[in-house]
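>>> based on what follows, work out the 3D shape:
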Amino acid sequence: MLLNKKGATVQVTSILFRAGGSSEGEALTVEPKRVTVFIGPNNGGKSRALIEILQKIAPSGHAEDLIFSRVETSDISEEEFEEKLSCLQRPKKAGEDANPNVMPLEGRGGRQLVDIPTLKSGLKPGAKANVRQYAGQNFIRHFCLNLGGSNRLQLANSAPAEPITGNPSSTIGALFKDDALRSRLSAIVNRAFEQFFVIDPTQMPDLTPRLSTEEPPAGVEKQLSAEAAQFFENCLPVKDASDGTKAFIGILSEVLAGDPDVLIIDEPEAFLHPSLSYLLGQQIASNAREGKQVFAATHSASFLLGCVLSGADVDVIRLTYRSASATARHLPADRLKRLMTDPLFRSVGAVSALFFENAIVVEGDSDRAFYDEVNNRALRYSDGGIRHATFLNAHNKQTVVNIVRPLRDIGIPAAFIFDLDWIKEDGQVWDRYFSALGAPLGLKGSMAAARREVRRALEAADPNYKRKGGLAVLCGEDRTTADAFFDQMEEYGLFTVRSGELECWLPQLAVERTKSKWLPSIFEAMGSDPADPSYLKPGADDVWAFLNRVQAWSINAARRGMGSPGASAKTPSAPNGGLPMPA
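Model prediction:
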């Protein structure tokens, strides 16, 4: 941050992460725009990233850098410094330091007596750490706001009334003074809650935010008349509204009218219904003005959808951390937008996979429900199971690849599970399966030949092999060949029910294999009360062993199949930790 070079405001200009798109990939570098959203599974580093950004902008002491190697901020011109200083400067009180170099500054961070020459030194390049810390804590921090779970609920509280001239010292004061901003916020609030946001000046000496079920008469918010007092008496103080309403209004008040240059928001969706999370994301991205940056960390697919589909330029960063291995991927907003507006992708809830470590894509809803239940029992009662995973129903075999490939392209390990009869497909269908595998193009011919040989052997042994035991109908070299082929498919994340089909699992329960009746029947046979001796718990074989193989692929940092379709298995990550994103 320089004082001798023209600059706009306190902004983050560049972030260098410690990780990239893979353990071997180049570390990710991002030049953040007005809105940056961190996503990913739990314990991936999202909240930590926000803490480190705040520490880099306004250092308060030594903090270990776990997510970033470097965070660069904008220069501050002499003119900008003086302007910001004037906003913070206050008259000295009796008994305060008489040194003319010492000045009282007061803002969101409270009131401090500040040595101005030291402050300026801390803003110059090459300043010592302790002097930079002095500048950060006594100046820069006044222009950064961390909206935690508690303080966001207080943002729409009453604020002291101020002279109509001059710069307002509160966000409520800024909204009261600026009719256009207040009207814009009121329109958004009305869309969300079917109430109008108004500011009551009749409770002097305070300005009180309220919610009205009726549109306020023109000019009433600038009146101290009996008519105005009557109108506001029928309005609900925002402080008495629900936590979700208070958080929604408080966050958007700061985005629209607040003075901080940098807003940090962890889990902005807290207290909100998904539809309101979507609207909040949309409005934050749309209304983040020039000179203001928002950094948010979210677990909400709805909030992310709102940000990305707002049409604003948004940076989306997916962070993961497992077994001491971290990744950081910059997901291009235009690619995400295409995925999020794709009817199939949205219908199966595939966007939710962005917030899990792994995804498992299956053919139908019965598959999804069964494998999810089996996995939950494995996680609860054994050391197996697929942790931090979501199971997605792709509706049929052909559309599985429409889900798997895009998820892999944005760095999510997406395995797919097929019944045995997938090997019957040739031509364009096989081409699409191969594309989803992400295997080297040079293997396409040999894989196709092996698949045809396995199919030939199965059909020769029993045309109804899918329901007659799957690979159990084979023996000798044919069985060895089939197992070798399906082992190779599993290396690339394609898992086949080798016993034939979904309904073949857990044969000891003797459930009728009729498609329409099988799922409720198998769930009844598995039991629902863990205290019941007949309740089915994980075993060492059958479907339990099958899901453990899926887990092994999902957590393997060297897993195959995550490269671009038809590329070499050793294709390096794209520059800056991104992944090739085919159209």
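>>> for this protein, name the helix or strand with the lowest mean pLDDT.
The weakest-scoring helix or strand in the chain, judged by mean pLDDT, DSSP states H and E, is strand 159-160 (a mean of 81).
>>> isn't there a helix covering residue 265?
No: secondary structure of residue 265 (DSSP: H, G, I helix; E, B strand; the rest coil): strand, not part of a helix.
>>> doesn't residue 300 make contact with it?
No: using C-beta atoms under 8 Å, residue 265 is not in contact with residue 300, being 11.8 Å away. Every residue, glycine included, has its C-beta placed from N, CA and C.
>>> who has more neighbours out of the two?
residue 265 (26 against 22; other C-beta atoms under 10 Å).
>>> tell me who's in contact with the more buried one.
50, 147, 152, 251, 294-297 (C-beta atoms under 8 Å, 6 or more residues apart in numbering).
>>> from the residues you listed, which one has the minimum pLDDT?
Of all the contacts of residue 265, residue 152 carries the smallest pLDDT score, 79.
>>> what's around that residue, how many residues?
26.
>>> now do the contacts for residue 404.
361, 414-416, 436, 493.
>>> cool, and residue 461?
473-474, 478.
>>> which one of those is nearest to residue 105?
Taking C-beta to C-beta as the measure, residue 105 lies nearest residue 474 of these, at 80.5 Å.
>>> could you pull out the strands in the stretch 401-550 of the chain for me?
If DSSP state E, counting those that start in this stretch is used as the criterion, the strands of the stretch 401-550 of the chain fall at 414-419, 494-497.
>>> of the ones you listed, flag the one that's most buried.
Greatest average neighbour count among the strands of the stretch 401-550 of the chain goes to strand 414-419 (a mean of 25), per mean count of other C-beta atoms under 10 Å.
>>> partner strands of that strand and their direction?
strand 358-362 (parallel), strand 494-497 (parallel) (DSSP bridges).
>>> okay, buried residues for the helix or strand just after the longest one please.
Proceeding N to C from strand 358-362, the next assigned helix or strand is helix 365-381, under DSSP states H and E. Counting neighbours by 16 or more other C-beta atoms under 10 Å, one finds that the buried residues in helix 365-381 are 366-375, 377-379.
>>> what's the answer for stretch 234-244, then?
235, 237-238, 241, 244.
>>> residues touching stretch 273-285, excluding its own?
34-35, 188, 191-192, 244, 248, 251-252, 255, 268-269, 272, 294, 296, 298, 300, 302-310, 312, 314.
>>> using CSV, lay out the contacts of residue 404 together with pLDDT.
What follows is the contacts of residue 404, written out as CSV (pLDDT from 0 to 100):
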residue, pLDDT
361, 97
414, 96
415, 97
416, 96
436, 93
493, 97
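>>> one step back: by neighbours, which of the contacts of residue 265 wins?
Busiest of these [other C-beta under 10 Å] is residue 296, holding 29 neighbours.
>>> with pLDDT and distance to residue 102 as extra columns, can I get the buried residues of helix 365-381 in a markdown table?
Converted to a markdown table, the buried residues of helix 365-381 look like this (pLDDT from 0 to 100; distance: C-beta to C-beta, whole Å):
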| residue | pLDDT | distance to residue 102 |
| --- | --- | --- |
| 366 | 95 | 74 |
| 367 | 96 | 71 |
| 368 | 97 | 67 |
| 369 | 97 | 69 |
| 370 | 98 | 71 |
| 371 | 98 | 68 |
| 372 | 97 | 64 |
| 373 | 98 | 68 |
| 374 | 98 | 69 |
| 375 | 97 | 64 |
| 377 | 97 | 67 |
| 378 | 97 | 65 |
| 379 | 96 | 60 |
